[in-house]
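*Asks:* Everything below, folded, please.
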Amino acid sequence: MEKIKVLFVCMGNICRSPTAEGVFTKLVQDKKVAHLFSIDSAGTHAYHIGDAPDGRSQKAALNRGIDISHLRGRKVVFGDFEDFDFVLAMDGNNHAILVEACSPQHQHKIHYFLDFAPALNTREVPDPYYGNGNGFERVLDMIEAASDGFLKYLHDTKHF
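*Replies:* A predicted model of the protein is given here:
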């Protein structure tokens, strides 16, 4: 069986998408289905290629038992649309950039990540980079809900 290939995407690949990569990776490990997945993250912009996730993202994730310190920022490349089964955007701006960059035959792979958490009543994972307060915790809550919903969707639609 081929692995289900999932790519999480935000703007710089140092806050939201590496957090999603870490959360979803831990979830599939905890559910004993990690062997069925290939999980990565990327940004639509090249601001932070090679950089570790933002320290605040790392700290918030580590407080929940998720170590994302080993991840490094990269930019989405054209081949990602062919290689990945799901390209999950964190917000409308990045979703639009992905759709525009993607050839028509692969656009069905692009989704808003929060569409898998309909109870949140939003499609936007807010970018916590410039915010103060508990923005990173709020982002983690949203990502955890969407990760649970996405895994349930994959199971319910017989992807595994």
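*Asks:* Quick one: the strands in this structure, in order.
*Replies:* Assigned by DSSP state E, the chain shows strands spanning 4-10, 37-43, 86-89, 110-112.
*Asks:* Would you mind saying which of these lies nearest Gly133?
*Replies:* With CB to CB as the measure, strand 4-10 is the member of those nearest Gly133 (19.3 Å). Using the backbone N, CA and C atoms, a C-beta is placed for each residue, glycine as well.
*Asks:* I'd like to know which elements that closest one is packed against.
*Replies:* On a contact count with 3 or more CB pairs under 8 Å, 6 or more residues apart in numbering; DSSP states H and E, strand 4-10 meets helix 16-30, strand 37-43, strand 86-89, helix 92-101.
*Asks:* CA atoms of the shortest one as PDB?
*Replies:* Output in PDB follows, covering the C-alpha atoms of strand 86-89 (Å, rounded to 0.1, in the frame of the first residue of the first chain):
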ATOM      1  CA  PHE A  86      -3.200  16.400   0.100                       C
ATOM      2  CA  VAL A  87      -1.900  19.900   0.100                       C
ATOM      3  CA  LEU A  88      -3.400  21.600   3.200                       C
ATOM      4  CA  ALA A  89      -3.400  25.400   3.300                       C
END
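*Asks:* Counting neighbours, what do you get for Arg64?
*Replies:* 14 (other CB atoms under 10 Å).
*Asks:* Could you check what's spatially nearest to it, not counting adjacent residues?
*Replies:* Once flanking residues are discounted, Arg64 sits nearest to Leu140: 6.4 Å by CB to CB, 6 or more residues apart in numbering.
*Asks:* isn't the one you found right up against Thr19?
*Replies:* Yes. Contact criterion CB atoms under 8 Å: Leu140 and Thr19 qualify, at 6.3 Å.
*Asks:* what's the overlap in contacts for those two?
*Replies:* The contact sets of Leu140 and Thr19 overlap at 60-61 (CB atoms under 8 Å, 6 or more residues apart in numbering).
*Asks:* These two: who's more crowded?
*Replies:* Taking Leu140 and Thr19 together and counting by other CB under 10 Å, Thr19 has the greater number of neighbours (32 against 23).
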